[in-house]
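# Below are the sequence and a predicted model; questions follow.
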Amino acid sequence: MIKIGTDIVAIDRVDKALKKFGDRYKDRFLTQNEQKLSSKVESIAGYWASKEAISKALGCGIGNELRFDDIEIYKDSKNAPHFRLKERSKFKIKQSSLSISHDGGFAIAVVVIEL
């Protein structure tokens, strides 16, 4: 079964939250490895959109079944984004593809997952 998820977020919204809450905001939804990869607000917004898109593709949203810290975004040797789920996740993903982009004040992510 193929599932698709997408999400878009205003970069300004993420920037305001970062200024208001600082590291507490990042700690809420980014792993330590993700925080090392994302120094720019555009990247942080893209990670937020990615995790939301993944949760939508899996049909559960962010909540009890799947938390932000269950998902980790990482980059391959060509700097392309990918993700992995923690072992406790009940989702059995065969293949996936993740795309993140930002422009015009927005970050968007699209994910395709084969279950």
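Structure received.
# Just the strands from this structure, written as ranges.
2-10, 71-75, 81-85, 95-103, 106-114 (DSSP state E).
# need these in a markdown table with mean pLDDT, mean neighbour count and distance to Glu34, can you?
Using the backbone N, CA and C atoms, a C-beta is placed for each residue, glycine as well. Formatted as a markdown table, the strands of the chain follow (pLDDT from 0 to 100; neighbours: other CB atoms under 10 Å; distance: least, CB to CB, whole Å):
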| stretch | mean pLDDT | mean neighbour count | distance to Glu34 |
| --- | --- | --- | --- |
| strand 2-10 | 98 | 16 | 15 |
| strand 71-75 | 97 | 18 | 6 |
| strand 81-85 | 96 | 16 | 10 |
| strand 95-103 | 97 | 15 | 12 |
| strand 106-114 | 98 | 20 | 13 |
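# what about these, which gets the closest to Cys60?
strand 2-10 (10.5 Å; CB to CB).
# what separates that closest one from the chain centre, distance-wise?
10 Å (CA atoms, centre = their mean, to the nearest Å).
# and it with strand 95-103, angle?
20 degrees (axes from the mean of the first three to the mean of the last three CA atoms, to 10 degrees).
# For strand 2-10, which outside residues touch it?
Strand 2-10 has contacts (CB atoms under 8 Å, 6 or more residues apart in numbering) with 45, 48-50, 52-59, 105-115.
# Repeat that for stretch 24-42.
11, 14-15, 17-18, 43-44, 46-48, 51, 68-69, 72-75, 102, 107.
# list the buried ones in it?
Within stretch 24-42, the residues scored as buried using 16 or more other CB atoms under 10 Å are 25-26, 29-31, 34, 37-38, 41-42.
# Filter those down to the ones in helices?
25-26, 29, 34, 37, 41-42 (DSSP state H).
# can you list the buried residues of stretch 24-42 in TSV and add pLDDT and distance to Ile93?
Compiled in TSV, the buried residues of stretch 24-42 are given as follows (pLDDT from 0 to 100; distance: CB to CB, whole Å):
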residue	pLDDT	distance to Ile93
Tyr25	95	28
Lys26	95	25
Phe29	93	20
Leu30	97	21
Thr31	96	18
Glu34	96	19
Leu37	91	21
Ser38	90	23
Val41	97	29
Glu42	97	26
